[in-house]
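> Sequence and predicted structure are below.
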Amino acid sequence: MPDRIGMHPSSMSLFDFILFFVYIFIFYLVFYWRRRRYKDPLLRKYQKHGFWIKVFSSLAYSMFVLYLSPGDTTGLFFPEGYNIYKLILKDPSNLDLLFIQGKDFDQALLANIANLGYFSEESNYLVSKIVAALSFITFGKFLVINLFFSMISFTGVWRLFRFFYEQYPDMHKQFAIGILYLPTFVFWSSGILKDPLCTGAMGWITYALYAIFIKRKNILANIIIFLLFSYLLVVLKVYIIVSYLPFFIMFLLLQNVTLIRNKAMKAFIVLGFIVGSMAGFLTITQTMQKALGNFAAEGMVKTIKTYQVNFENQADIASSNFSLGVEFDGTAQSLLRIAPAAVVATLYRPFLWESKKPSTFLSSLESLAIMLLTIYTIFRVGLRRMVSTIIKKPIVMYCLLYSLMFSLFVGATTLNFGTLVRYKIPGLPFYVIAMFLLLYFNRKPKKMPAGTDGQTELT
């Protein structure tokens, strides 16, 4: 089977870099205009920081996939999207390629025959269509399209930061660390992949629902935003919305329905959302098993029945495979058996000694930091107070339950470190924030200076 042939670094030109910096300036003006409308100086500061971090990360990601670790960006999404763009320029009647489904795409039109079968997965075709559409305003330049994907992600990520910031403004540093500065979260959402679109969609969905049910502002516009980005997530990675939406809705209910004072009723609601989320994931898994055969989720090595498809570097992928010790067969029983190992794999692996490539080494350092943060939180807060805080604080419950459920889904179906470091990023900010919130709600009281009224304040 032939390897996929993608974009080669030699195809880059001086014009690519010139246009890249032109679009940086354009995006800077757009975000600067938005930033000037913020009265809060902290929001202005973090928006500026977040923007430049995403710009730098976009360039770093582009160089990474061009020179160090080619993958889907350079082997599938960009070359096939650019090919669709060229087909439309050659014959305007091909414009319908932007509106058909992937299963209806004529395989004879592929730029590379080694990509045969990939468009049978609608999510792959959607990313390539977005690349094709963006090519009309970017002249099909690789660096600029990566920048666009990074900015799409940033618009949603910024909304997510604002949501948490509006709940607890004095935790702005912790939220910035968990959302705007988290290395792998920033890096893997800065190029032509599904992940930037998914992280952006999550942020927009969160803030839209928050605006509808809490702030009660611009309801019609936010309903449209919610529906649009929910559709995007359903097509790209449905397991994200299946694991995320139930717990965020649970947070909205517990936060607003003051009648839910009974602990048994609250426990029933939480359990119901957990069961519902697991049931939704299992339904998706079983449906995919019937449709695709051996492999149930996107996290596994991609195979499509009746098609010859393979990754660009099979040897590297094989060397990065790992086992959880328990096989996941798509049933609820196997999901429960595999749960502890799957969650540990997602949150804390790859361990340092398991990293064999640059793409996994950065993640292993981050995983170690998250493990140390978890250990510190457990010892600082204590298990009893942790459980009590989770039960009493809906925001902690929502962040922790979603991140753990998402970790279970990803860990159960992703048995390769190369893909795990990318697929796990939508859950990491929420887990980190959950740890910070647990520390925040269990701060030790600090005595006021002498001469005050004797009251205490929390530090």
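Structure received.
> Let me see the contact set for Lys86.
Gly140 (C-beta atoms under 8 Å, 6 or more residues apart in numbering). Just so you know, the C-beta spots here come from the backbone N, C-alpha and C atoms, and that holds for glycine as well.
> Which helix or strand contains it?
Here Lys86 sits within helix 78-90, counting by DSSP states H and E.
> quick one: buried residues of the helix or strand following that helix?
Tracing the chain past helix 78-90, the next element assigned as helix or strand by DSSP H and E is helix 122-138. By 16 or more other C-beta atoms under 10 Å, the buried positions in helix 122-138 come out as 123-135, 138.
> what does stretch 194-205 give?
Result for stretch 194-205 [16+ other C-beta under 10 Å]: buried residues 194-205.
> how close does the residue nearest to Leu347 when sequence neighbours are not counted sit to Asp195?
Nearest non-adjacent residue to Leu347, counting by C-beta to C-beta, 6 or more residues apart in numbering: Ser407, 5.5 Å away. Distance of Ser407 to Asp195, computed by C-beta to C-beta, to the nearest Å: 16 Å.
> same deal with Ile145?
Distance of Ile145 to Asp195, given as C-beta to C-beta: 15 Å.
> What are the buried residues along the helix or strand encompassing Leu43?
Assigned by DSSP H and E, Leu43 belongs to helix 41-63. Buried residues in helix 41-63, counted by 16+ other C-beta under 10 Å: 43-44, 46-47, 50-51, 53-55, 57-59, 61-62.
> Just the closest of those residues to Trp353, please.
Closest approach between these and Trp353, by C-beta to C-beta: Tyr61, at 25.8 Å.
> wait, doesn't that closest one sit right on Gly191?
Yes - contact criterion C-beta atoms under 8 Å: Tyr61 and Gly191 qualify, at 4.0 Å.
> anything in contact with each of those two?
Common neighbours of Tyr61 and Gly191, counting by C-beta under 8 Å, 6+ apart, are 146, 150.
> pLDDT wise, what is the most centrally placed residue in the chain at?
Central residue of the chain (C-alpha atoms, centre = their mean): Pro426, 3.0 Å from the mean position. For Pro426, the pLDDT comes out at 94.
> The one 3 residues further on now?
pLDDT for Pro429: 97.
> now swap in Ile241 and tell me
Reading off the model, Ile241 has pLDDT 89.
> Quick check, it in contact with Val235.
No - contact criterion C-beta under 8 Å: Ile241 and Val235 do not qualify, at 10.2 Å.
> out of those two, which sits in the more crowded spot?
Neighbour count, other C-beta atoms under 10 Å: between Ile241 and Val235, Ile241 has more, with 22 against 18.
> now the more buried one: how far from Ile24?
Remark: distance between Ile241 and Ile24 (C-beta to C-beta) = 31 Å.
> picking that back up, for the helix holding Lys86, what is the average pLDDT?
pLDDT averaged over helix 78-90 gives 95.
> Specify which residues of the stretch 101-250 of the chain, grouped into ranges, have pLDDT under the cut-off.
Nowhere does the stretch 101-250 of the chain drop to pLDDT under 70.
> can you pull out the helices in it?
Along the stretch 101-250 of the chain, counting by DSSP state H, counting those that start in this stretch, helices occupy 122-138, 142-167, 172-175, 183-187, 194-210, 219-256.
> Just the buried positions in the shortest one, please.
Read it as helix 172-175. Buried positions in helix 172-175, judged by neighbour count with 16+ other C-beta under 10 Å: 172, 174-175.
> Looking at the helices of the stretch 101-250 of the chain, which is nearest to Thr74?
Between the helices of the stretch 101-250 of the chain, helix 142-167 lies closest to Thr74; by C-beta to C-beta that is 8.1 Å.
> sorry, back to before: just name the closest of the buried residues of stretch 194-205 to Arg159, please.
Gly203 (4.2 Å).
> If we ignore the residues flanking it in sequence, what's nearest Phe247?
Tyr402 (4.2 Å).
> Which of the helices or strands spans that neighbour?
Using DSSP H and E, Tyr402 sits in helix 394-413.
> Show me what that helix is packed up against.
helix 219-256, helix 263-292, helix 332-348, helix 383-392, helix 417-423, helix 428-441 (3 or more C-beta pairs under 8 Å, 6 or more residues apart in numbering; DSSP states H and E).
> Thr184 is nearest to which of those?
helix 417-423 (6.1 Å).
> Now the closest one: buried residues?
Buried residues in helix 417-423, counting neighbours by 16+ other C-beta under 10 Å, are found at 417-423.
> so how far is the first residue of stretch 411-430 from its last?
16 Å (C-alpha to C-alpha, to the nearest Å).
> got it, and stretch 67-77?
Note: stretch 67-77 ends 17 Å apart using C-alpha to C-alpha.
> Which residues does stretch 148-162 contact?
Outside stretch 148-162, the residues touching it (C-beta under 8 Å, 6+ apart) are 23, 27, 43, 46-47, 50-51, 54-55, 57-58, 61, 134, 138, 175-176, 179-180, 189-193, 195-197, 199-204, 206-207, 229, 429.
> repeat that with 6 Å
Under the criterion C-beta atoms under 6 Å, 6 or more residues apart in numbering, residues 27, 54, 58, 134, 175, 179, 189-192, 196, 199-200, 203-204, 206-207 lie in contact with stretch 148-162.
> quick one: the closest residue to Ser62 other than its chain neighbours from Ser189, how far?
Among residues not flanking Ser62 along the chain, Asn146 sits closest, at 4.8 Å (C-beta to C-beta, 6+ apart). The spacing between Asn146 and Ser189, counted by C-beta to C-beta, is 11 Å.
> Those two: which is more packed in?
Legend: neighbour count by other C-beta under 10 Å for Asn146 and Ser189, higher for Ser189 (30 against 27).
> what sits against the more buried one?
Residues near Ser189 by C-beta under 6 Å, 6+ apart: 153, 195-196, 199.
> again with Tyr207
For Tyr207, the contacting residues are 159, 163, by C-beta under 6 Å, 6+ apart.
> Swap in 7 Å and give it another go.
By C-beta atoms under 7 Å, 6 or more residues apart in numbering, the contact set of Tyr207 is 159, 162-163.
> Tell me the spacing between the nearest residue to Phe406 once chain neighbours are set aside and Thr374.
Of all residues not flanking Phe406 in the chain, Gly427 sits nearest, at 3.8 Å (C-beta to C-beta, 6+ apart). Going from Gly427 to Thr374 by C-beta to C-beta gives 14 Å.
> Who has more neighbours out of those two?
In this view Gly427 and Thr374 are compared by other C-beta under 10 Å, and Gly427 has more residues nearby, 27 against 17.
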